[in-house]
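Asker: have a look at this prediction, sequence included:
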Amino acid sequence: MRALYKNPGSIIGLLVLFIALSPSRLSGQTEDGALHMPEYFEVPYVKISEIEVSGNDRTKERIIIRELDFTMGDSLLTMDAKSVFSVTSGQKRFSRHDSSELSLRLKYSRENIINTKLFLEADLYLEEIEENYYKLRIHVKERWYFWAFPILQLDYPNFNDWLQDPDLSYLTMGLFTSHNNLWGLGHQASFKAYVGSSQGVALGYLVPWIGKGQKIGLLLGGVWKSSSVVEYGSLENERQMIYDNNSMENLSFVTTLKFRPGLYNYGKVSLTANNVRVSDSLYNFTLAEPIASFLPSGLQNVTYMSLYMEYWYDSRNSHAYPLKGYYLKGFVEKAGMGIIGHEVDYFNYGFDMHFYQQIGDRWYTAEMFKLLSSSGENIPYYFKQNLTSGDDFIRGYDLFALRGDNMYYFRSNLKYNVIKPSVKEPRKEKNKDSKFRNVPYAFYLNLIADVGYMKDEIYGQYNPYNNKLLYSWGLGVDFISYYDLVLRFEYVVTNINTHGFFFGFGMPI
């Protein structure tokens, strides 16, 4: 039986530390603001004829108003809905019957404003002018937009793998800087550079929405990376690694167009130029391996262009840690356009579906299913799908190599909100206007169940967990705090007789 983490006591200790240091004095508000409305209305519908925005010291007012789930002057029902609301194109789902159209549209509008990730808090106030006419007052608290801090980065397949045998020689150090709201228009500029076991430089500039309709965005970026730790193959689902300076270099330039045809509908088209080069040591090493070539046709260097397109619908109440709503995405990618280089010629496609529901006062469920399929002849290891990297994983299998040409997986959580989203208020009034004045936090206890399948007809015979149904279950705790911080502590058991503690970053579903 393989233990997945050597020192579970340290994980438990971290968890106890977080709970012990939880703020003891809580305020009654949620972590990101609230909706303030009259308790009842004497009219069946109201019209919002005025909108006032405050607190936006940097952000342009139109960036906030475009997130509203209605248009000024619309007639919004104030009575509880007994039937499905009439929905105009681009607006959020309205299949619920638990509130009025007015309260739902204002609630969704507040969520949309928070989901721009430009504000810590958004409070909406509805104030009567006369009869059916009302004024909407929006008060926001802006985030801290400029960041400059040192970074530590692992030159390793993943964090839990490194924890098996921590070695600081595989750490890289550098500097990350970004501004997330240039010109008050939500433009983002970032720079990252690091040295150590690996070296790299990354630059990016994002224009979120341009043009009269504010429905098109543009991203320009470039990345160079030299890696000393490279996973070049798998045998018995164990990663075959090389540890040698400058084993692989990657250079990429990307141009992305983003589209927003509706308030909850998005699209993206990316064109990327790529170059991958492996060192003489890695090249000679992989040539001797019978399992899989690392680059196409046994090459040491490939240059290619790729075209990626996706379209998605997103009605989640929070992008940082959703509890309600849907996220539905379809995508296609052509790696190798025949413009520069002809060695790469692969096609990837799939869909990604996420569902979030509240089933009780503190109870929630979350499920997701993703299919990703590749087509092409003798796809080399570098271009194979990876079920233990980035957003693609099933919990409990972090330490294994799961690479192939077609993957399907399902993740699910049953959540209990141990500590509701709350904030710790400052003791000194002089910190009243600080963007770090309140410390928001929440804890969720999770029951975990995941299933996955990696199909690989050519090299599956060397890797017994390929072409095999894999599943896992366990218990976890999610800690949520400032600026979309999500830390996960999970104990997972798998159907291949492994179990252990894992530490993760970011929302699990």
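Answerer: Sure thing, it's come through.

Asker: specify the beta-bridge partners of A273.
Answerer: Judged by DSSP bridges, the bridge partners of A273 are F253, M305.

Asker: distance of it from Y381?
Answerer: Distance of A273 to Y381, computed by Cβ to Cβ, to the nearest Å: 22 Å. All C-beta atoms are positioned from the backbone trio N, CA, C, and that covers glycine.

Asker: same thing with W363?
Answerer: 43 Å.

Asker: these two - which one has more neighbours?
Answerer: Ranked by neighbour count (other Cβ atoms under 10 Å), W363 and Y381 place Y381 first, with 21 against 12.

Asker: for that one, give its distance to L447.
Answerer: In this view, Y381 and L447 are 35 Å apart by Cβ to Cβ.

Asker: for the residue nearest to Y349 when sequence neighbours are not counted, what are its contacts?
Answerer: Closest residue to Y349 apart from its sequence neighbours, by Cβ to Cβ, 6 or more residues apart in numbering: V332 at 4.5 Å. Residues near V332 by Cβ atoms under 8 Å, 6 or more residues apart in numbering: 308-310, 347-349.

Asker: with N467 instead?
Answerer: N467 sits next to 453-457, 460 when contact means Cβ under 8 Å, 6+ apart.

Asker: and the pLDDT at it?
Answerer: Turning to N467, the model gives it a pLDDT of 96.

Asker: can you check the one 5 residues further on too?
Answerer: Among the per-residue scores, S472 shows a pLDDT of 97.

Asker: confirm for me that it is in contact with D450.
Answerer: Yes. At 5.0 Å, S472 counts as touching D450 under the criterion of Cβ atoms under 8 Å.

Asker: which residues are in contact with both of the two?
Answerer: Common neighbours of S472 and D450 (Cβ under 8 Å, 6+ apart) are 394-396.

Asker: name the nearest of those residues relative to E130.
Answerer: Proximity of these to E130 (Cβ to Cβ) peaks at R395, which lies at 56.5 Å.

Asker: surely that closest one and E490 touch.
Answerer: Yes. R395 is within contact range of E490, at 6.1 Å (criterion: Cβ under 8 Å).

Asker: the more surrounded of those two?
Answerer: Taking other Cβ under 10 Å, R395 and E490 do not tie; R395 has more neighbours (25 against 22).

Asker: quick check, that one in a strand?
Answerer: No. Looking at R395 with DSSP: H, G, I helix; E, B strand; the rest coil, it is coil, so not inside a strand.

Asker: so who does it touch?
Answerer: Counting by Cβ under 8 Å, 6+ apart, R395 has contacts 411, 448, 450, 472, 474, 476, 490, 492, 502, 508.

Asker: now the second one: phi and psi?
Answerer: Read that as I448. Backbone torsions of I448, given as degrees, to the nearest 10, read phi -110, psi 140.

Asker: for T303, the count of nearby residues, please.
Answerer: Residues within reach of T303, counting by other Cβ under 10 Å, total 15.

Asker: make residue 1 into 11 and carry on from there
Answerer: With 11 as the first residue, the last one maps to T313.

Asker: next, the buried residues of whichever strand or helix holds it.
Answerer: Using DSSP states H and E, T313 maps to strand 311-324. The neighbour-count check on strand 311-324 (16 or more other Cβ atoms under 10 Å) flags 312, 314-316, 318, 320-324 as buried.

Asker: now swap in stretch 238-250 and tell me
Answerer: Those would be 238-244, 247, 249-250, for stretch 238-250 by 16+ other Cβ under 10 Å.

Asker: of the residues you listed, which belong to strands?
Answerer: Counting by DSSP state E, the buried residues of stretch 238-250 place 238-244, 249-250 in strands.

Asker: related to what we said a few turns ago, need the max-distance pair from the contacts of V342.
Answerer: Checked with Cβ to Cβ, these reach their widest spread between E320 and F357, with 14.5 Å between them.

Asker: got the contacts of V342 as a markdown table, with distance to E131 and pLDDT columns?
Answerer: Compiled in a markdown table, the contacts of V342 are given as follows (distance: Cβ to Cβ, whole Å; pLDDT from 0 to 100):
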| residue | distance to E131 | pLDDT |
| --- | --- | --- |
| Y318 | 35 | 98 |
| M319 | 36 | 98 |
| E320 | 31 | 98 |
| F357 | 45 | 96 |
| N358 | 40 | 97 |
| Y359 | 40 | 97 |
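
Asker: and which of these is nearest to R68?
Answerer: Closest to R68 out of the contacts of V342 is E320 (30.5 Å), distances taken as Cβ to Cβ.

Asker: distance of the nearest residue to the closest one once chain neighbours are set aside relative to A376?
Answerer: Using Cβ to Cβ, 6+ apart and skipping the chain neighbours, the partner closest in space to E320 is F341 (3.7 Å). Distance, F341 to A376, by Cβ to Cβ: 21 Å.

Asker: residues touching the residue nearest to T282 when sequence neighbours are not counted, list them.
Answerer: In space, and not counting its chain neighbours, T282 is closest to V264: 4.5 Å by Cβ to Cβ, 6+ apart. Contacts for V264 (Cβ under 8 Å, 6+ apart) come out as 229-232, 280-283.
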